[in-house]
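*Asks:* Using only what follows, build the 3D model:
(chains A and B)
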Number of protein chains: 2
Amino acid sequence: MNLNSALYTDLYQLAMGQAYFLKGKHKVSATFDYFFRKIPFEGGYVLFSGLEEVLDWLETVAFSEEDIAYLVAQGFNSDYIEYLKQFKFTGHIQSMDEGEVIFPFSPILTVTGSIIECQIIETFILNSLNFQSLIATKASRIRFIAGKDKSLAEFGLRRAQGFAGIQASRASYIGGFDYTSNVLAGKVFNIPVSGTMAHAYIQSYDDELTAFRDFAETRPVNCVLLVDTYDTLKRGVPNAIIVAKEMEARGEKLLGIRLDSGDLAYISKAARKQLDDAGLDYVKIAASNQLDEHVIRSLKEQEAQIDIYGVGTNLVVGKENAALDGVYKLCSFNDTPRIKISENLKKMNFPGKKQVYRYMNEDGLYIADAITLEHLDAPKSMAHPFETHKRMPIEYTSVRPLLHDVMRDGKRVRTKKPLSELIKIAEENLSKLPVEHKRFANPHVYKVGLSPELEQLRDQLKKDKLEA
Amino acid sequence: MNLNSALYTDLYQLAMGQAYFLKGKHKVSATFDYFFRKIPFEGGYVLFSGLEEVLDWLETVAFSEEDIAYLVAQGFNSDYIEYLKQFKFTGHIQSMDEGEVIFPFSPILTVTGSIIECQIIETFILNSLNFQSLIATKASRIRFIAGKDKSLAEFGLRRAQGFAGIQASRASYIGGFDYTSNVLAGKVFNIPVSGTMAHAYIQSYDDELTAFRDFAETRPVNCVLLVDTYDTLKRGVPNAIIVAKEMEARGEKLLGIRLDSGDLAYISKAARKQLDDAGLDYVKIAASNQLDEHVIRSLKEQEAQIDIYGVGTNLVVGKENAALDGVYKLCSFNDTPRIKISENLKKMNFPGKKQVYRYMNEDGLYIADAITLEHLDAPKSMAHPFETHKRMPIEYTSVRPLLHDVMRDGKRVRTKKPLSELIKIAEENLSKLPVEHKRFANPHVYKVGLSPELEQLRDQLKKDKLEA
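*Replies:* Residues are numbered from 1 along each chain as shown, chains lettered A, B, ... in the order given. Model (predicted):
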């Protein structure tokens, strides 16, 4: 299956494209904003991810001959089909950095191009950014609560939503995980891979000790033994200790044991004591079994003795939300700002081409973002985006624009950032976000406001439309 | 990205494979069961999906030269690497039909092959079956409540979990949807595609009427107009009526209007009246906006006038669960039944190679499933799988085995079933499942039991392991 096909879209994009084309409007310039409305996980921020994948896709997206034949069979107009044969993305992308912390209603990425190309690429942009940002955010929450000294391994592929498992591993790594069990993602994205053993391996032997012994002999480095197949504390850990001592005699070191069931807090402390009493304080304890940020928080409160957390399902499907509600809205057409009217101010979009500024205090910590019109300087005061009577001056030490040119005329204007760099951007950003926005319960709402010029434009266009 | 790579697995499968290989155990025959423990959506059944994709993958899975180079760099043993170079799946698969209704704890699919190949393919099997069964189940619930006379369109690609959107469209179709908006899935799986228009299209015009008129002119067939950009009842529907009349004058018919916001029950009834009053009773009303089976149920209770339901996010990510908890457990090794011990009987597996029988009453309706050992006939009585004092005779009119040979020696033993056939299997199965298992609130628990022989084997092995 060719995932770089321009058919990776919704049919209505192609139907609208045909209308634009046949009415001669398809070359008119448009700008769309990608933004989201609701932070998932009842959290205080989203970690932006997926940009580099989107840019890769945009650089090569096309309709293959097979795709064109399919569209002909769907009855599209033959002149339009000729246009689609030569379709490629030739527009401009402005975007926040992948790894930036982002907030509701700010444009995160904007696309400027002919209206027809903007529409055809919409679905992939939403599909990619919504999912990867969801998972990177979840991963960052788990890293936040686990702390910097713990190892985090993602191993959700078996419960991931089909092929999304590959993207989930990438996003988890950007969000702060150290390893993935997903070998294909490890290879494609150069993510460190890790793995232990399954119960089936133990069961294939008549006894656990021989199973451990054979495994350790064939895996002298990074050997982790799963100790809960029969009885963790009475058999599993004692057998692991025997094997660890045999490894010591060969000049090797057992990396760890893994707990996958039972009361992880109680068992990890008891196992730690057994290991320490045997002089094996270097042997790490890995734990898994339906973990998420809330379970890990509870384990830490109970002083569980866990060095490595293995997280699967809840991470890779982004529970409890499973989707970020990002949207893609027209804000300018033919260089004229556009607005969608709704009784609900939150369902309206901010018109015109825009810039977002981020304000920092004297410690470099983030204090607010202001959305304004492009080419304007950072405003000194801002209005609440929906409660229009609320205005505030912005007191800050430094400010920086968040939207940068990343693609012009369909080509990247900077080299593709490797994952190692995206991780650094994410870490840096998360470190500058005050902790009150990172806590799990009722996180402090980060302030995002409108410049006076943008607020005035929005209100004017709304008035014009309602009076029309 | 090559999704048919054998690297589409967890690292521990390859680590265990190395241990088996270096210890000379890799050719020993093993059997694994795929089964799940918990029905999602608080429902009464799961609709099995994903089998044909798994068989496609198994027929072609291999390590490419690039994959092998990656594994060499990961430090795997060089003799083992030679083995992996020629790796292909050469085992047997028994499975229930794709489209079968399935229940917890029964083996749905079994793999018999060398232990090493059984392990390497585990992750893909789980990844594919867990996700597609989840989505097919969700889709079937929506079809159940919508009724047979409504059209159902899946259009979740923008909120789907990345590349999983392609698989979600396939599974939704098997579960009872009529259309997808996803053009790539439409092409790859031959699913009918449908699409309307976006708000951006309307906004790109100065006025809604001209936008509708242009669209209808370029799409004389299957034209659906989105009527809620400015004011649904005061502007959108009246403008659509004008255009519908113009289409009539050209000998064309407007297919429908689409509502995407507001109170769908109230607005659909008012819009229906406006259309009917204009003599447009043939114009259908499509509705979307965060629909799921519960919202559709409420809309029907309110007698909303909706002909076509468009369902996105909640369907394609399988809310509120987002994952099916399917597992893959060793039940036989070297032709000897194996068991995993746990304090929790539900966490133990059923040992040995097995068959599942389904019993029907005089109306052909499903009444119970019994799990027994392979080659045994259908039992006349069964035991509760976990409450061991509960036994029941089975009174039935007919019975059939559910596990069939689908792959021998790595090759399909029957031709690939087209989606059209899988849909029929699913419909047939769902029609034979009594409605008490399909209702949303506290569905009746479908009975799955163990034959006396299987119960005895499980209890004997458990006793042996605990006494060992």
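*Asks:* Confirm that A:Asp79 sits in a helix.
*Replies:* Yes. Looking at A:Asp79 with DSSP: H, G, I helix; E, B strand; the rest coil, it is inside a helix.
*Asks:* I'd say it and A:Phe21 touch.
*Replies:* Yes. Look at A:Asp79 against A:Phe21 with Cβ atoms under 8 Å: they come within range, at 7.3 Å. All C-beta atoms are positioned from the backbone trio N, CA, C, and that covers glycine.
*Asks:* which one of these two has more residues nearby?
*Replies:* Between A:Asp79 and A:Phe21, counted using other Cβ atoms under 10 Å in any protein chain shown, A:Phe21 has the larger neighbour count: 22 against 10.
*Asks:* what residues does the strand or helix carrying the more buried one touch?
*Replies:* Secondary-structure element containing A:Phe21, defined by DSSP states H and E: helix A:11-22. By Cβ atoms under 8 Å, 6 or more residues apart in numbering or on different chains, the residues outside helix A:11-22 that reach it are A:25-26, A:28, A:71, A:76-77, A:79-80, A:83-84, A:115-116, A:119-120, A:122-123, B:181-183, B:186, B:193-198, B:200-201, B:204, B:214-215, B:217-219.
*Asks:* repeat for stretch A:455-467
*Replies:* Applying Cβ under 8 Å, 6+ apart, the set of residues contacting stretch A:455-467 from outside is A:337-339, A:341, A:348, A:350-352, A:373, A:383, A:388, A:450, B:230.
*Asks:* What's the mean pLDDT across it?
*Replies:* Mean pLDDT, stretch A:455-467: 90.
*Asks:* Go through it and flag the buried ones.
*Replies:* Buried residues in stretch A:455-467, defined by neighbour count with 16 or more other Cβ atoms under 10 Å in any protein chain shown: A:Glu455, A:Leu457, A:Arg458, A:Leu461, A:Lys462, A:Lys465.
*Asks:* same question, stretch A:42-61
*Replies:* Burial within stretch A:42-61, assessed by neighbour count using 16+ other Cβ under 10 Å, is assigned to A:43-55, A:57-58, A:61.
*Asks:* Equivalent analysis for stretch A:319-333, please.
*Replies:* Judged by neighbour count (16+ other Cβ under 10 Å), stretch A:319-333 contains these buried residues: A:319, A:321-333.
*Asks:* So chain A: which segments form each domain?
*Replies:* Following the assignment in automatic domain parsing, chain A carries domains at A:11-135+A:324-467, A:137-316.
*Asks:* coming back round to it: give me the ChimeraX select line for the contacts of stretch A:455-467, limited to the buried ones.
*Replies:* One line in ChimeraX is enough to select the buried ones among the contacts of stretch A:455-467; burial here means 16+ other Cβ under 10 Å:
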select /A:337,338,339,341,348,350,351,352,373,383,450 /B:230
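*Asks:* closest to A:Met360 among the contacts of stretch A:455-467?
*Replies:* Of all the contacts of stretch A:455-467, the one with the least separation from A:Met360 (Cβ to Cβ) is A:Leu450, at 19.4 Å.
*Asks:* Which residues are in contact with the spatially closest residue to that closest one that is not a sequence neighbour?
*Replies:* Spatial nearest neighbour of A:Leu450, chain neighbours left out: A:Ala383 (4.9 Å); criterion: Cβ to Cβ, 6 or more residues apart in numbering or on different chains. Contact analysis of A:Ala383 by Cβ under 8 Å, 6+ apart lists A:Lys390, A:Arg391, A:Gly449, A:Leu450, A:Ser451, A:Pro452, A:Glu455.
*Asks:* Kindly recompute the last result at 7 Å.
*Replies:* A:Ala383 makes contact with A:Lys390, A:Arg391, A:Gly449, A:Leu450, A:Pro452, A:Glu455, according to Cβ atoms under 7 Å, 6 or more residues apart in numbering or on different chains.
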